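Participant: coords please:
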Amino acid sequence: MTAETIIQSLASGLLMGLLYGLIAVGLALIFGLMDVVNFAHGEFLMLAMYVTFFLFTFFAIDPLLSAPLAAAALFVLGAVVYLVIVRFAMRAKANVGMVQIFATFGLAIVMRGLAQLFFTADYRSVPNSWLGGKTVSVAGIFLPQPQLFGALVAIAAFGGLYLFINRTDFGRALEATREDPGAVALVGIDKNRVFALGWGLGAALVGLAGAIMASFFYIYPDVGASFALIAYVTVALGGFGSVFGAFAGGIIVGLVEATTALVLPPSLKSVGIYAVYLLVVFVRPRGLFGSM
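Facilitator: Below you'll find the predicted structure:
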């Protein structure tokens with residue numbers, strides 16, 4: 001094992017880690033806003049990948065151009081899911097937490113089943129995309145262009161989200177609603193509108209990630225499950241409800257995954273992720289950046 005091999009692996013892990021962070025940020029945003037874990041998060045990713053695939057297949061729109069369209073479609077889906085499902089699950093008279101879990105978990109099963117029904121279980125891909133199969137060399141390190149583009153988009157999206165939350169009136173309303181949903185009604189803020197837009201924003205972020213990943217990853221009904229599991233671990237690692245923690249946790253997960261693949265067979269690369277997660281849980285149960 002040479003130094004060049006190690007650097008190459010870590011660079012690839014960093015790029016994937018930034019994408020993991022982008023996926024997890026949407027999940028952390030929703031949890032931080034409402035204390036609700038969206039167990040359909042992986043299926044949102046899957047749907048975004050299918051949207052990208054069909055836009056390319058029927059309209060020849062490259063994933064670079066369809067990414068905003070997929071994000072917009074997922075924004076609408078996220079808002080609708082809150083208004084139609086989650087809003088009523090939160091009104092349960094007893095066992096509210098369990099009702100919310102089963103509501104989103106049931107949604108995930110339905111979405112996956114419908115995908116298998118309408119799209120079949122066949123593996124699909126986006127062939128001949130603008131960046132597909134291309135690499136760029138930086139100081140002798142070869143970086144896949146789709147992952148590099150995805151990493152840059154992830155950084156830009158996180159920066160935009162940070163400015164949106166901290167510099168806009170709606171961002172301040174989002175923070176106020178998270179702190180005290182009951183009190184914001186006294187100043188004229190509709191918490192259901194804020195929650196719906198928060199769900200839409202979280203779904204849009206994972207939609208953006210799904211569109212990018214469609215350019216280099218196979219698309220099939222169960223594709224979201226593995227990435228959702230990584231997203232849950234990433235959010236817990238960074239700290240539940242911490243948007244920055246989720247993004248930083250994604251980077252850590254990507255680097256740990258790449259390092260593990262250097263030491264163990266590639267099929268066991270997830271072992272390192274869960275080992276680090278368990279270590280953090282024992283040492284700092286609230287996560288690296290959590291305040292709970």
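Participant: which SS state does residue 262 fall under?
Facilitator: At residue 262 the chain is in helix, as set by DSSP: H, G, I helix; E, B strand; the rest coil.
Participant: grab the longest helix from this protein for me.
Facilitator: helix 3-34 (DSSP state H).
Participant: any buried residues in the next helix-or-strand element following it, and which?
Facilitator: Going down the chain from helix 3-34, the next helix or strand is helix 41-59, by DSSP states H and E. For helix 41-59, the neighbour count (16 or more other Cβ atoms under 10 Å) marks 41-53, 55-56 as buried. Where you see a C-beta, it was placed from the backbone N, CA and C, and this is true even at glycine.
Participant: before we move on, what about stretch 139-157?
Facilitator: By neighbour count on 16+ other Cβ under 10 Å, the buried set for stretch 139-157 is 143-151, 153-154, 157.
Participant: redo those as JSON lines? Include distance to residue 99, secondary structure and pLDDT.
Facilitator: Listed next are those as JSON lines, based on distance: Cβ to Cβ, whole Å; DSSP: H, G, I helix; E, B strand; the rest coil; pLDDT from 0 to 100:
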{"residue": "143", "distance to residue 99": "45", "secondary structure": "strand", "pLDDT": "94"}
{"residue": "144", "distance to residue 99": "42", "secondary structure": "strand", "pLDDT": "95"}
{"residue": "145", "distance to residue 99": "44", "secondary structure": "helix", "pLDDT": "95"}
{"residue": "146", "distance to residue 99": "40", "secondary structure": "helix", "pLDDT": "95"}
{"residue": "147", "distance to residue 99": "39", "secondary structure": "helix", "pLDDT": "95"}
{"residue": "148", "distance to residue 99": "42", "secondary structure": "helix", "pLDDT": "96"}
{"residue": "149", "distance to residue 99": "40", "secondary structure": "helix", "pLDDT": "96"}
{"residue": "150", "distance to residue 99": "35", "secondary structure": "helix", "pLDDT": "96"}
{"residue": "151", "distance to residue 99": "38", "secondary structure": "helix", "pLDDT": "96"}
{"residue": "153", "distance to residue 99": "35", "secondary structure": "helix", "pLDDT": "96"}
{"residue": "154", "distance to residue 99": "33", "secondary structure": "helix", "pLDDT": "97"}
{"residue": "157", "distance to residue 99": "31", "secondary structure": "helix", "pLDDT": "96"}
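Participant: from those residues, which is closest to residue 112?
Facilitator: residue 150 (23.7 Å; Cβ to Cβ).
Participant: quick one: which of the buried residues of helix 41-59 is nearest residue 162?
Facilitator: Closest approach to residue 162 among these (Cβ to Cβ): residue 41, at 20.7 Å.
Participant: correct me if wrong: the closest one contacts residue 27.
Facilitator: Yes: assessed by Cβ atoms under 8 Å, residue 41 is found in contact with residue 27 at 5.1 Å.
Participant: quickly list what's touching both of these two.
Facilitator: 206, 231 (Cβ atoms under 8 Å, 6 or more residues apart in numbering).
Participant: what's the mean pLDDT across the longest helix of the chain?
Facilitator: For helix 3-34, mean pLDDT rounds to 93.
Participant: where do the helices of the stretch 101-250 of the chain begin and end?
Facilitator: Secondary structure of the stretch 101-250 of the chain (DSSP state H, counting those that start in this stretch): helices at 145-167, 169-179, 181-184, 191-213, 223-238, 243-263.
Participant: go through the ones you listed and pick out the most buried.
Facilitator: Highest mean neighbour count among those (mean count of other Cβ atoms under 10 Å): helix 191-213, with a mean of 25.
Participant: ok, and for stretch 28-35, which residues are buried?
Facilitator: 28-34.
Participant: next one: the helix or strand bottoming out on mean pLDDT in the chain to chain centre, how far?
Facilitator: Within the chain, confidence by mean pLDDT, DSSP states H and E is lowest for helix 181-184 among all helices and strands, at a mean of 78. Once both centres are worked out by Cα atoms, centre = their mean, to the nearest Å, helix 181-184 turns out to sit 28 Å from its chain's centre.
Participant: I am finished for the moment; much appreciated.
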